[in-house]
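K.L.:
Predicted model follows, preceded by the sequence.
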There are 2 protein chains.
Amino acid sequence: MGGIDSRKGARPIATISDVAKQAGVSRTTVSRYLNGHLEQSSDNAQKVAQAISALKYRPNLLARSLRSATTHSVAVIVPDLTNPFYPELLSAVETCLAQHGIQVFVGQSRNDPRREPDMLRDYFSRQVDGIIYVAAKSQPDPVLRQIAESIPVLILDEEIVGFEQETIRVDHELGLYQAAKYLLDLGHRQLIYLAGPSHLVTTQLRIQGLQTALNERGGQAAVEIVAGGYSMDAGRMWAEQFVLHPHHPTAVLCANDLVALGVHRAFSKRGIAIPKTVSLLGFDDIFVSAMVSPTLTTVRQPLHHMGRMIADRLLQAGQRRHVPASRMVVPPELIVRESTAPPPW
Amino acid sequence: MGGIDSRKGARPIATISDVAKQAGVSRTTVSRYLNGHLEQSSDNAQKVAQAISALKYRPNLLARSLRSATTHSVAVIVPDLTNPFYPELLSAVETCLAQHGIQVFVGQSRNDPRREPDMLRDYFSRQVDGIIYVAAKSQPDPVLRQIAESIPVLILDEEIVGFEQETIRVDHELGLYQAAKYLLDLGHRQLIYLAGPSHLVTTQLRIQGLQTALNERGGQAAVEIVAGGYSMDAGRMWAEQFVLHPHHPTAVLCANDLVALGVHRAFSKRGIAIPKTVSLLGFDDIFVSAMVSPTLTTVRQPLHHMGRMIADRLLQAGQRRHVPASRMVVPPELIVRESTAPPPW
DNA sequence: TAAGTGGGTGGAATCGATTCCAGAAAGGGG
DNA sequence: CCCCTTTCTGGAATCGATTCCACCCACTTA
């Protein structure tokens, strides 16, 4: 049953010409029907409607897009979908855009900045209406610059130096300021920050926030900064070292929740009590952070809010209304849970 | 300074005709150059190459696809990106496909089967080369059937009754059989299964596996089955009830890890000890499951393996070689962690 | 030298839609 | 009764690529 190949070519896909022929009108008329330029009740409209459902016709969006120069699609480039933060963001963005009939490409750079130019180019060649770009680097490349002259490119989360484009990100500086202030208020004097890659602007912003908080205490407290990565492994590896380390800080701040969870795990395994012996604080507030025990104190990025803003900006830009490039910096929120407490002494 | 609108239309995007004119050859020749049908060293090739880089030309993939009837894109439809299982799957699939120059649309049905026909249709209209479909229901709809006649549709994870299409899923029956057998071997006699929606084939398969394991014991053990959802809330709500429940089962099996985590949380909060008082077992093995404490015993779906298989099937189908529709059922793996132990008595 | 072969080239058709424009039909007013 | 306006319709151009086919040129071979 079903013959050898029930796939391609089995049922020829109807085109607008087929519909026109079947309905006994011109392609033009069919097109007008499709785009609502034809009186619904008219005689021709009836015939077209019938032909369409008889042939199960659906317009070829490729052809339509080619002509109309808009594809109703955008690309989202993220470093890595296995970091739960990005799917959560993606989910928010996709939900908003889907409501406006925009479909979403997703690509992972795998935290390798060298892949990014090619990815940007490929999506651009596909004529996407916009690109949402969570960059894995802070240097603008010529490809990015060129593309941004033709379609809106929203830089998310990261900041790209000297690149005057739409940017939406959380206030990293404020986030770490809040976190540090909170720990200092608890009485901690010896902090450590497991930072992200040092060449990133976000990393630098965060460190500034940290410093500001320290300066307010006028040198009573100190922080050690360790550059690293954004993975659980980064946290775990550092934690393994820490165990052997002579002078123990009393609180560990992490570049993101994944790093914090790496530390969390290693500490649990090694019997280092959180928060009794050492306090632990993350960044992002991915949903896992509320699941582990003790639950993780962290700095929340308002994901859904950001997702909606992103979608809105893109939609505005898509309508060709002039939207001046702006940088939107949204405030983070400190979520206090169980992994932080006053220092043991 | 960039002026009023540095967006659309600022820099006209070069087309193949522009390149042809600039190089002093015909469009045909440029096209041949692009597709490698032109001697690299030839005089014309040089001129074309120069024109391309001068104009920063990139072919319009829409136009190319329209002509060649292949878009090098596929769509992935998942119920919900906030369930970590799907991003993990998506990540594996995207990685494999990207290596072959195929780009990926992603869409969420939000667990609402009524959205699915529209989504399928939209992607089909975009002429995707294939659809990877994690269905939220087990009934085939006419739209799905029609689309599958033209392009490959891979049904993932779920089974659609009476629909003879490519299917790739884990052996649900075996998975629950293994899990139940393991618990029975530990000495449990009173089980409960927090199942997914009862109209899904997967749910029924799982229950069969469960029954098989029980039957092997010849009625010494019993299981209660509760139909529910796939969310943490579903688990949490059941757990709240459980606390008041008179006859306590000694082990709880869950439809997925998310449900198990909901139970996990509620139990922790209510002071019910896992696995001392009650054993807990999930399904999927999302990465969170290894993070909570106690860590969760679960049935692992071999995601990366499945991702690769999916991509492979799609690529084969894309080459129009005839690939007979097949159902691939991959074995799951029981991952024993800390949330299971012999019953307390 | 003429005929045959082969590779390189460009004109034109094509993919499936939208849209400009001109012509036909219908309706209204003088 | 005729003319002008308005509405409806379809032919043809267009979007940006690929590809068929005919042509030209140079080179080999009888």
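P.N.:
On my side now, so go ahead. These numbers come from a predicted model, not from an experiment.
K.L.:
near DNA strand D, which residues of chain A?
P.N.:
A:24-29, A:32, A:38-39, A:42-44, A:63, A:66-67, A:69 (C-beta under 7 Å from any atom of the strand). (Each C-beta comes from the backbone N, C-alpha and C, glycine too.)
K.L.:
Kindly supply the ChimeraX command isolating those of these that are buried.
P.N.:
The ChimeraX selection below is limited to those of the residues of chain A next to DNA strand D classed as buried (16 or more other C-beta atoms under 10 Å in any protein chain shown):
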select /A:25,29,32,38,44,63,66
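K.L.:
quick one: which two of the residues of chain A next to DNA strand D are the most distant?
P.N.:
Longest distance between any two of the residues of chain A next to DNA strand D is 33.0 Å, between A:Asp43 and A:Ala69; criterion C-beta to C-beta.
K.L.:
for A:Asp157, what are its contacts?
P.N.:
By C-beta atoms under 8 Å, 6 or more residues apart in numbering or on different chains, the residues touching A:Asp157 are A:Val134, A:Ala135, A:Ile168, A:Arg169, A:Val170, A:Thr202.
K.L.:
Could I get the CA-only coordinates of stretch A:230-244 as PDB?
P.N.:
Output in PDB follows, covering the C-alpha atoms of stretch A:230-244 (Å, rounded to 0.1, in the frame of the first residue of the first chain):
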ATOM      1  CA  TYR A 230      30.400  30.100  32.000                       C
ATOM      2  CA  SER A 231      30.000  26.400  32.500                       C
ATOM      3  CA  MET A 232      29.400  24.100  35.500                       C
ATOM      4  CA  ASP A 233      32.800  22.600  34.900                       C
ATOM      5  CA  ALA A 234      34.400  26.000  35.400                       C
ATOM      6  CA  GLY A 235      32.700  26.200  38.800                       C
ATOM      7  CA  ARG A 236      33.500  22.700  39.700                       C
ATOM      8  CA  MET A 237      37.200  23.000  38.800                       C
ATOM      9  CA  TRP A 238      37.600  26.100  40.800                       C
ATOM     10  CA  ALA A 239      35.900  24.500  43.800                       C
ATOM     11  CA  GLU A 240      38.200  21.600  43.700                       C
ATOM     12  CA  GLN A 241      41.100  24.000  44.000                       C
ATOM     13  CA  PHE A 242      39.400  25.900  46.700                       C
ATOM     14  CA  VAL A 243      39.400  23.000  49.000                       C
ATOM     15  CA  LEU A 244      43.200  23.100  49.100                       C
END
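K.L.:
Could you pull up the mean pLDDT of it?
P.N.:
Mean pLDDT, stretch A:230-244: 92.
K.L.:
can you tell if that stretch touches chain B?
P.N.:
No: figure legend: stretch A:230-244 not in contact with chain B (C-beta under 8 Å from any C-beta of the partner chain); closest approach 8.6 Å.
K.L.:
Just the residues contacting that stretch, thanks.
P.N.:
A:79, A:83, A:111, A:194, A:196-197, A:226, A:228, A:248, A:254-256, A:258-267, A:270, A:272.
K.L.:
Tell me which residues of that stretch come out buried.
P.N.:
Neighbour-count burial for stretch A:230-244 [16+ other C-beta under 10 Å]: A:Tyr230, A:Ser231, A:Met232, A:Ala234, A:Gly235, A:Arg236, A:Met237, A:Trp238, A:Ala239, A:Phe242.
K.L.:
in stretch A:254-272, what counts as buried?
P.N.:
In stretch A:254-272, counting by 16+ other C-beta under 10 Å, buried: A:254-268, A:272.
K.L.:
coming back round to it: I'd like the list of the residues of chain A next to DNA strand D that fall within helices, please.
P.N.:
A:Arg27, A:Thr28, A:Thr29, A:Arg32, A:Asp43, A:Asn44, A:Ala63, A:Leu66, A:Arg67 (DSSP state H).
K.L.:
Any buried residues in the lowest-mean-pLDDT helix or strand in chain A, and which?
P.N.:
Here the helix or strand of chain A ranked lowest by mean pLDDT, DSSP states H and E is helix A:303-318, holding a mean of 86. Within helix A:303-318, the residues that qualify as buried by neighbour count (16+ other C-beta under 10 Å) are A:Leu303, A:Met306, A:Gly307, A:Met309, A:Ile310, A:Ala311, A:Arg313, A:Leu314, A:Leu315, A:Ala317, A:Gly318.
K.L.:
cool, and stretch A:327-344?
P.N.:
In stretch A:327-344, counting by 16+ other C-beta under 10 Å, buried: A:Val329, A:Pro332, A:Leu334, A:Ile335, A:Arg337, A:Ser339, A:Thr340, A:Ala341, A:Pro343.
K.L.:
can you give me the helices in chain A?
P.N.:
Going by DSSP H, chain A shows helices at A:16-23, A:27-34, A:43-55, A:61-68, A:85-98, A:116-125, A:142-148, A:172-186, A:201-216, A:232-244, A:257-270, A:303-318.
K.L.:
Adding distance to B:Arg58 as columns, could you present the ones you listed in a markdown table?
P.N.:
Shown next, in a markdown table, are those (distance: least, C-beta to C-beta, whole Å):
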| stretch | distance to B:Arg58 |
| --- | --- |
| helix A:16-23 | 28 |
| helix A:27-34 | 29 |
| helix A:43-55 | 35 |
| helix A:61-68 | 15 |
| helix A:85-98 | 24 |
| helix A:116-125 | 5 |
| helix A:142-148 | 10 |
| helix A:172-186 | 34 |
| helix A:201-216 | 29 |
| helix A:232-244 | 37 |
| helix A:257-270 | 35 |
| helix A:303-318 | 21 |
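K.L.:
If anything else comes up later, I'll come back, but that's it for now.
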